[in-house]
Structures are given as C-alpha cells and as structure tokens.
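In: Sequence plus predicted model, see below.
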Protein chains: 2
Amino acid sequence: MARWEPNARERLVRAAVDLFTEQGYDATTVNEIADRAGLTKTTFFRHFPDKREVLFAGQDLHARLLADAITEAPEPATPLAAVGAALDALAATFTEDRRAFGARLRPVIAGHSELRERAAFKRAGLAQAMADALHGRGVPEPTASLAADLGIRAFHHAFEQWADPTCRQPLTELARHALDELRTAAAALG
Amino acid sequence: MARWEPNARERLVRAAVDLFTEQGYDATTVNEIADRAGLTKTTFFRHFPDKREVLFAGQDLHARLLADAITEAPEPATPLAAVGAALDALAATFTEDRRAFGARLRPVIAGHSELRERAAFKRAGLAQAMADALHGRGVPEPTASLAADLGIRAFHHAFEQWADPTCRQPLTELARHALDELRTAAAALG
C-alpha cells in the first residue's frame, strides 16, 4: 500500500514550475521533478501521466466548478448571467497566495509550443463543460457554445492581468469586468 | 539534389488518412505512410516533421487566406462582414472533390485525443490570424478576437455539416449560414 504523502500533488506542481523556469521544460525530467519535491518517481506517476500534465492538473476540477455553478445558477438567469456565476466560482479558488505562482506559470507555458497547444485544448475543454451545463438549462446552440466561449475568453484575459505582479485587483473582479466588455462587444457585432 | 515528386504532399496526406483509417493512428509509422504513397521516408520528412502534422498541413495556407481576405475586404466592412469574406475565401478552396476526403478525415481526428488537441490548437491559430488582420483594419479588442472566434466557430460547424456524405450544400453557403446564426446569437447575448 502506498505511503500517504502530504500535499504531494501541490509539491510536484511547484517543483515542476521551479525546474521548468530554471532549466527549461525540455531539459527537465520526471525524476528531477520528483527529487525536487522530495518524492519518488512512483509517487509522481500516481498523480500525473507525464511532466506536461503537471501544469494542467486543475482542468477536471475547474470544469466541474464551472459546470456546477452554471447548473445551480438561480432561475431565471440569462446564459451570460449563468456564465458569470461560473466565473465567480472559479475565480474564488484563485486566492491571493496563488497570484505569484500564476505569474511564474505564465512564461513557462508561453515559451513552449507543446504547452501552448495543451493550454488551448484545456480552454476548449472548459468551454465545452460550460456549454454542456448550459444545454442542461435548456440553452440552445449556438447560443450555449457562444456564451461559454465568452466566459473562457473573459477568464483567460482576466487571469493574464491578475498574474501580472503589479496587479492589485482580485481575479473575480477582473473576470466580471472582462465578461462585461465581451457582452458589449457581442452586442455591437450582432 | 532531391528528385521532384509530383503531388508528393497530397499523396502523403491521402496515404496517411488511408492508413490511420485502416489500422489506427498509433499503429501507423512514417515509413508505412511513405511506402503507401510510393515515396521515401526522406521525402516525407521534407514535407512534414512527423505523422501528426500530415493532417494539419493546411494550417499556414488557411491562416494566410483568412487574413488576406480580411485585409482586402472593401471599406467600410463591419468586422463580421470582413470575417464573412474570409470564410468565403477559405470555403472556396474546399471543392466538391474534397468532400469525401473531409468525411474520412473527421473520424480519424475525433478518435484520438492527441489529434483533437492539435485540431483545437489549429483553430486557435486560425482565429489569431483573423484577429490580427482585424487589428490591421483598426478593429479594437475584444471585438476583433470575438469576431474571429465567431468566424472559426462558424467555419468549423459548417465543415462538420459539409463533410457528412448526405450533405449536398456547398461549404460557402453552410459557412455563411452558420455565421448568420452566430451573429444573431451574439446580438441576443449582448
């Protein structure tokens, strides 16, 4: 039976981002990540299939948070009001102590096409989770997918601002503002 | 000096889709693709870095077509009118003889997460090319990115319909219709 390692997952994520920052993504091995985290390679593979997935560990949790918030938004919420509730729920998990970590994660992903590719796939997956939850509220296509896209775009934009070390606003506020701007832009396009 | 191989690129693409369909993506090697196309592995690597990229060979060309059409759309075109012109330009390259090929490509990509991931990245790249061209016309953010997203979503949806063997409509018409629907949905969201 496996030994319980406190915070193994988070330790591995932080070790990976440290090493990717110091020596590059390509040059870093799973062994080095496990070593830096003070854990074994076996423990690493209990948590992640490979070094790339370490950076996208939150995807399933984030998808669930977004979808649940949409499902639970009180009637009658417009599609974008439900999406706004979802962004609130997700943004609330990005507490102030995670801002500096976000700032370090950003250049790692931006610096490597394989990671940018994975990040685009993550965004598509989160958008799909929101669209599916909107379908569950009876929102038809293409409205559901479009509202979900606006939500993901708003969150991504807000996160980029929030992860800037000079930023002082909470992520929730930035995401709300970005969604408002997109709502206005959508109305102007139509 | 390399021998000139007529239509090498297209022969490799068709051989790859044949083999991926017959025996699966994972089980297919670059050697087999080259063999099936009646070409050498060296010729393969002159055209593509790996077997995955064979399926996304059109990305740069598509990005240029979309961007050029937006840049050249007559003033005063609204952002979505310019995007509509871009979809016309791209859809016009999908001639009737390519429909059956599209139908075979679709399940190959849908059946493999690595390929779905790459497809999501391609869509993000095409959207970025359109957004950049809209910036060049003076369209501000987030309007430019949003209009580009609507365009890519419309094209993707239209392509899925067009690649259905029972479909008889031209891709241009399907894309125009999809963009109109998205314009209406965007207005309703805003």
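Out: Thanks, I have the structure now. Numbers count the residues shown, from 1 in each chain, chains lettered A, B, ... in the order given.
In: contacts for the lowest-mean-pLDDT helix or strand in chain A?
Out: For chain A, counting by mean pLDDT, DSSP states H and E, helix A:99-110 ranks last in confidence among helices and strands (a mean of 89). With contact meaning C-beta atoms under 8 Å, 6 or more residues apart in numbering or on different chains, helix A:99-110 is reached by A:14, A:17, A:20-21, A:25, A:55, A:94, A:115-116, A:119, A:159-160, A:162-165, A:167. For the C-beta atoms, the positions are set from N, CA and C on the backbone; glycine is no exception.
In: Sort out which residues of it are buried, please.
Out: Residues A:99, A:102, A:105, A:108-109 are the ones in helix A:99-110 that count as buried (16 or more other C-beta atoms under 10 Å in any protein chain shown).
In: Need the CA coordinates for that helix. PDB is fine.
Out: Extracted C-alpha coordinates of helix A:99-110, given in PDB (Å, rounded to 0.1, in the frame of the first residue of the first chain):
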ATOM      1  CA  ARG A  99      -1.000  35.100  -7.700                       C
ATOM      2  CA  ALA A 100       2.800  34.900  -7.600                       C
ATOM      3  CA  PHE A 101       2.500  31.300  -8.800                       C
ATOM      4  CA  GLY A 102       0.400  32.300 -11.700                       C
ATOM      5  CA  ALA A 103       3.000  34.900 -12.700                       C
ATOM      6  CA  ARG A 104       5.600  32.100 -12.800                       C
ATOM      7  CA  LEU A 105       3.400  29.700 -14.700                       C
ATOM      8  CA  ARG A 106       2.600  32.100 -17.500                       C
ATOM      9  CA  PRO A 107       6.000  32.400 -19.100                       C
ATOM     10  CA  VAL A 108       6.600  28.700 -18.900                       C
ATOM     11  CA  ILE A 109       3.500  27.900 -20.900                       C
ATOM     12  CA  ALA A 110       4.100  30.900 -23.300                       C
END
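In: so which of the buried residues of helix A:99-110 comes closest to chain B?
Out: Using C-beta to the nearest C-beta, the shortest approach to chain B within these belongs to residue A:109, at 12.8 Å.
In: Could you break chain A into its assigned domains?
Out: For chain A, automatic domain parsing gives the domain ranges A:8-54, A:58-189.
In: for the ones you listed, which one ends up most surrounded?
Out: Looking across the domains of chain A with neighbours counted as mean count of other C-beta atoms under 10 Å in any protein chain shown, the highest average goes to domain A:58-189: a mean of 19.
In: chain center to that one: distance?
Out: Averaging C-alpha positions (C-alpha atoms, centre = their mean, to the nearest Å) puts domain A:58-189 8 Å from its chain's average.
In: Longest helix in chain A, please.
Out: Longest helix in chain A, counting residues (DSSP state H): helix A:113-136.
In: List the contacts of it.
Out: Residues from elsewhere that reach helix A:113-136 (C-beta under 8 Å, 6+ apart): A:25, A:52, A:55-56, A:59, A:62-64, A:66-68, A:70-71, A:79, A:82-83, A:86, A:108-110, A:141, A:143-145, A:147-149, A:151-152, A:156, B:116-118, B:120-121, B:123-124.
In: Between helix B:113-136 and that helix, find me the angle.
Out: 90 degrees (axes from the mean of the first three to the mean of the last three C-alpha atoms, to 10 degrees).
In: Could I get the CA-only coordinates of helix A:113-136 as PDB?
Out: C-alpha atoms of helix A:113-136 as PDB (Å, rounded to 0.1, in the frame of the first residue of the first chain):
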ATOM      1  CA  SER A 113       4.500  25.400 -28.300                       C
ATOM      2  CA  GLU A 114       3.600  22.000 -26.800                       C
ATOM      3  CA  LEU A 115       2.400  23.700 -23.700                       C
ATOM      4  CA  ARG A 116       0.500  26.400 -25.600                       C
ATOM      5  CA  GLU A 117      -1.100  23.700 -27.500                       C
ATOM      6  CA  ARG A 118      -2.200  21.900 -24.400                       C
ATOM      7  CA  ALA A 119      -3.400  25.200 -22.900                       C
ATOM      8  CA  ALA A 120      -5.600  25.800 -26.000                       C
ATOM      9  CA  PHE A 121      -7.000  22.300 -25.500                       C
ATOM     10  CA  LYS A 122      -7.700  23.000 -21.900                       C
ATOM     11  CA  ARG A 123      -9.600  26.100 -22.700                       C
ATOM     12  CA  ALA A 124     -11.700  24.200 -25.300                       C
ATOM     13  CA  GLY A 125     -12.400  21.500 -22.700                       C
ATOM     14  CA  LEU A 126     -13.600  24.100 -20.100                       C
ATOM     15  CA  ALA A 127     -15.700  25.800 -22.700                       C
ATOM     16  CA  GLN A 128     -17.300  22.500 -23.600                       C
ATOM     17  CA  ALA A 129     -18.100  21.800 -20.000                       C
ATOM     18  CA  MET A 130     -19.800  25.200 -19.700                       C
ATOM     19  CA  ALA A 131     -21.700  24.700 -23.000                       C
ATOM     20  CA  ASP A 132     -22.900  21.300 -21.800                       C
ATOM     21  CA  ALA A 133     -24.100  22.800 -18.500                       C
ATOM     22  CA  LEU A 134     -25.900  25.500 -20.400                       C
ATOM     23  CA  HIS A 135     -27.600  22.800 -22.600                       C
ATOM     24  CA  GLY A 136     -28.800  21.300 -19.300                       C
END
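In: got the domains of chain A as JSON lines, with distance to residue B:42 columns?
Out: As requested, the domains of chain A are exported to JSON lines (distance: least, C-beta to C-beta, whole Å):
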{"stretch": "domain A:8-54", "distance to residue B:42": "26"}
{"stretch": "domain A:58-189", "distance to residue B:42": "25"}
